[in-house]
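Engineer: what shape does this take:
(2 chains)
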Amino acid sequence: MFRWRKALIVARREYLARVKTKAFWISTLAVPAVLVAFAVGPTLLAARTGGSHRVGVVTADAELFQRIKNALEESLQRGKELRLAVTLERLQPSADREAQRKELKNAIVEKRFSGVVLLPETILQNEGEVKVEYLSANVTAVLLIATLEKAVSHAVRQQRLANAGAPPEVARIALAGVDLTPVKVTKGGAESRESFAASFAVGYVLMFMIFFTAVMYGMIVMRGVLEEKGSRIVEIIVANLSPLELMFGKIFGVGAVGLTQYALWLMLAANVLAFSASAGVPGAAAVLTNPTLMLAFVVFFVLGYFLYGSLYAALGAAFNSEEEAQQVQNVAGWVMALPFLFMIPIMNNPDSPFAVVVSLIPFFAPMLFFLRMVLQTPPLWQVVLCFALLVATTAFVVRLAAAVYRVGILSYGARPSIRQLFRWAMGKA
Amino acid sequence: MAHLELRDVNKAFGSVHAVRDLSFSVPHGSVYGLLGPNGAGKTTTIRMIMRIVLPDTGTILLDGEPVDDERREGIGYLPEERGLYRKMQVLEHLTFLGEVRGLSRDEARRRARFWLERMGLAEKAHTKVEALSKGMQQKVQFAAAVIHDPPLVILDEPFTGLDPIATRQFKDEILAMANRGVTVLFSTHVLPQAEELCTHYCLINRGRAVFAGEAGEVRKRYARPQLKLVTADGAAPPLPMPGIHKVEPRNGSYLVHLDGTLPVPQVIREVAARCALSSVEQFEPSLEEIFLRAVEEDHVSVA
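Structural biologist: Below is the predicted model:
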């Protein structure tokens, strides 16, 4: 018979012992710092390297050059937040092509130019597509190259239209583009203009957090069990507790530490969002203030943690040291990392049969089904099925883990074989 | 009715038959010694009483009823494999273990203070366990075993690793509990300790009870009188001789084990007739000797 009172005594000790440590507070502060660094860092870095560029344009045509310059100016103005600065410089083509090319290459190597655009003389005569070379030390500066390409294309089209005698109104019509704005349609026909990228980013971060915390707290449970075995306190406790009460007490206690940490993080996030509301990351706010998603987040964390936490508890009980547990732990780690492989196909088509099937697999569901919920609300039957499968699997795994735990917790002998573990799980000591 | 009774208990681990057909009963208020060489099955027996491992066959009764999780609360237990959470403060730790044993938090804290005081660890209340010496930790473990005032206390090798002062302290605690009417069962392979404390013994060898019962009876039944001889010329008394089981040289004298077939005075006359004696002394063998003989005979009977 399971006695809650006993399990809660263990849980409280576990909780207080961990919340009182410095490690808890350090990780509570460090994790958001790392996440922010991951989220903001690349943008900041990109902006820095985006920096300012001096680009040469080899052309004899001063008018075309001016058009390129204007088009570039305009596009830089529109994309101000990208913090890209480009100054163009016209270079006269010389008679000796090869010599000039060599000279330009030197200039690039010596960093006098970020790059040089080589416009062929025939560029305006031709009516089709033209290959234009761009020489640069850095051909992966995607943003710069895309911006230049757009400016040059625009200018060339403009010049060709003018040369062909098209009236300015026609030219304007021909050159006007279309801006595709994604609008998310949710079940029930509601529309939301939230920035899809931002909402996806937040969804991704939250999914990563579910994975990360389930593994992290699972490992804390495992270490705790190993410590109890190592320090030989188990037998002092199990005189008055069943192994099951001890295992659950431990899982509850550590889980409560996890929820405390989540609560602190959410408070922190709410403050940061309120603070930066003016700067406005509407997508992020949309996810964080969506009660369904937040509820799903917490439920998936709790179920995922129970699923993985009980497995880790069984591992801790079965082995005598972390080194011994390492091999099995690695396999578990790989299985748990699989969702990251499935992420891209699911993002591309969250309703494909593949996405539906893998996201329903209970070991992946806490991450992948949650991701699908962020991307596009899955039908209700899938949500119900997902939770039913996850709860059933968790109950089953907890039962197996408890059987292994019951035997393993008091065995100090040699490392058990897989067969032995299986026998333990089947309840045969 | 016995406080604790084992009936035909068997336990095998794979091919190792750790405990076979073990029966003994522990009367109320007794100090019961579970004796035996290393690997005899003492710890397995105790673990079965504590339901940490379950017997394959046989029954274990507490006050005449099978032990279950609830009834087990009435047993204080100091395991052989024992430790504490290293990072916890002593008072907090003892309070936690008191709660686990079924006390309320306040009561657990009150009794934890009482026991720390009693064990001479009052100043260590807020020290972390890892900063305590091994002996001190053992005192905390001992206190944890009895903090809920159980009517039956089971101690598995309680004296190992203790210095003489702490050993004395533990013995006094056991005697004090016995005086209060608490039943104490403890295992040891150090026999003088058992001899000093126990009212009853059970000697286990290779998983079986060699003998079990009240201390005086065990002695009466197993103790053959012994003679200590010093011969005039220092030579051993010639063998064979009627009534004598064997002779062992002991530091210039000879320890003669009698086989019990002849009365002692007659044996002395037989010896005196065969060699010149300068002194003869009769004494009761120690528990250790009874133990060794019993184990020896057990091996002979099995072999």
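
Engineer: how far away is residue A:136 from residue A:142?
Structural biologist: With distances taken as Cβ to Cβ, to the nearest Å, residue A:136 is found 12 Å from residue A:142. Where you see a C-beta, it was placed from the backbone N, CA and C, and this is true even at glycine.

Engineer: who has more neighbours out of these two?
Structural biologist: residue A:136 (18 against 9; other Cβ atoms under 10 Å in any protein chain shown).

Engineer: tell me which parts of the stretch 101-250 of chain A are close to chain B?
Structural biologist: A:227-228, A:230-233, A:235-242 (Cβ under 8 Å from any Cβ of the partner chain).

Engineer: let's go with 10 Å and repeat that
Structural biologist: A:224, A:227-243, A:245-246, A:249 (Cβ under 10 Å from any Cβ of the partner chain).

Engineer: among the residues you listed, which are in helices?
Structural biologist: A:224, A:227-230, A:234-238, A:243, A:245-246, A:249 (DSSP state H).

Engineer: can you count the residues close to the residue of the stretch 51-200 of chain B found nearest chain A?
Structural biologist: Nearest residue of the stretch 51-200 of chain B to chain A: residue B:83, at 3.4 Å (Cβ to the nearest Cβ). For residue B:83, the number of neighbouring residues by other Cβ under 10 Å comes to 19.

Engineer: what's the answer for the one 3 residues further on, then?
Structural biologist: Taking other Cβ under 10 Å as the neighbour definition, residue B:86 ends up with a count of 16.

Engineer: any idea which element residue 266 lies in?
Structural biologist: Unless you meant another one, I'm taking chain A. helix A:243-275 (DSSP states H and E).

Engineer: the intended chain is chain B.
Structural biologist: helix B:264-274.

Engineer: strands of chain A, start to end?
Structural biologist: A:52-58, A:85-91, A:115-118, A:133-136, A:184-185, A:191-192 (DSSP state E).

Engineer: dump those strands into CSV; add mean pLDDT as well.
Structural biologist: As requested, those are exported to CSV (pLDDT from 0 to 100):
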stretch, mean pLDDT
strand A:52-58, 88
strand A:85-91, 88
strand A:115-118, 90
strand A:133-136, 90
strand A:184-185, 68
strand A:191-192, 63
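
Engineer: dump the ones you listed to a markdown table, plus distance to residue B:107.
Structural biologist: Output for these, formatted as a markdown table (distance: least, Cβ to Cβ, whole Å):
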| stretch | distance to residue B:107 |
| --- | --- |
| strand A:52-58 | 74 |
| strand A:85-91 | 74 |
| strand A:115-118 | 80 |
| strand A:133-136 | 79 |
| strand A:184-185 | 60 |
| strand A:191-192 | 58 |
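
Engineer: just say which of those is most tucked in.
Structural biologist: Comparing the strands of chain A by mean neighbour count (mean count of other Cβ atoms under 10 Å in any protein chain shown), strand A:115-118 ranks first with a mean of 21.

Engineer: ok, back up a step: which SS class is the residue of the stretch 51-200 of chain B closest to chain A?
Structural biologist: What DSSP: H, G, I helix; E, B strand; the rest coil gives for residue B:83 is coil.

Engineer: nearest residue to the middle of chain A?
Structural biologist: residue A:204 (4.1 Å; Cα atoms, centre = their mean).

Engineer: quick check: closest non-adjacent residue to that one.
Structural biologist: residue A:371 (7.4 Å; Cβ to Cβ, 6 or more residues apart in numbering or on different chains).

Engineer: ok, the one you found - how many residues close by?
Structural biologist: Residue A:371, neighbours per other Cβ under 10 Å, totals 26.

Engineer: do the same with the one 5 residues further on
Structural biologist: Applying other Cβ under 10 Å, we find 15 residues neighbouring residue A:376.

Engineer: just residue A:221 next, same as before
Structural biologist: 26.

Engineer: OK, contacts around it?
Structural biologist: Contacts for residue A:221 (Cβ atoms under 10 Å, 6 or more residues apart in numbering or on different chains) come out as A:14, A:247, A:250-251, A:253-255, A:305, A:308-316.

Engineer: for residue 41, report the pLDDT, please.
Structural biologist: No chain in the question, so chain A it is. With respect to pLDDT, residue A:41 scores 60.

Engineer: um, chain B though
Structural biologist: Reported pLDDT for residue B:41: 91.

Engineer: dihedrals phi and psi, it?
Structural biologist: phi 120, psi 10 (degrees, to the nearest 10).

Engineer: right, and it touches residue B:17 too?
Structural biologist: Yes: using Cβ atoms under 10 Å, residue B:41 is in contact with residue B:17, at 9.0 Å.

Engineer: what's the closest non-adjacent residue to residue B:193?
Structural biologist: residue B:159 is the one closest to residue B:193 (Cβ to Cβ, 6+ apart), at 5.9 Å.

Engineer: and residue B:166, by the same measure?
Structural biologist: residue B:135 (4.9 Å).

Engineer: so that neighbour is in which element?
Structural biologist: helix B:134-146.
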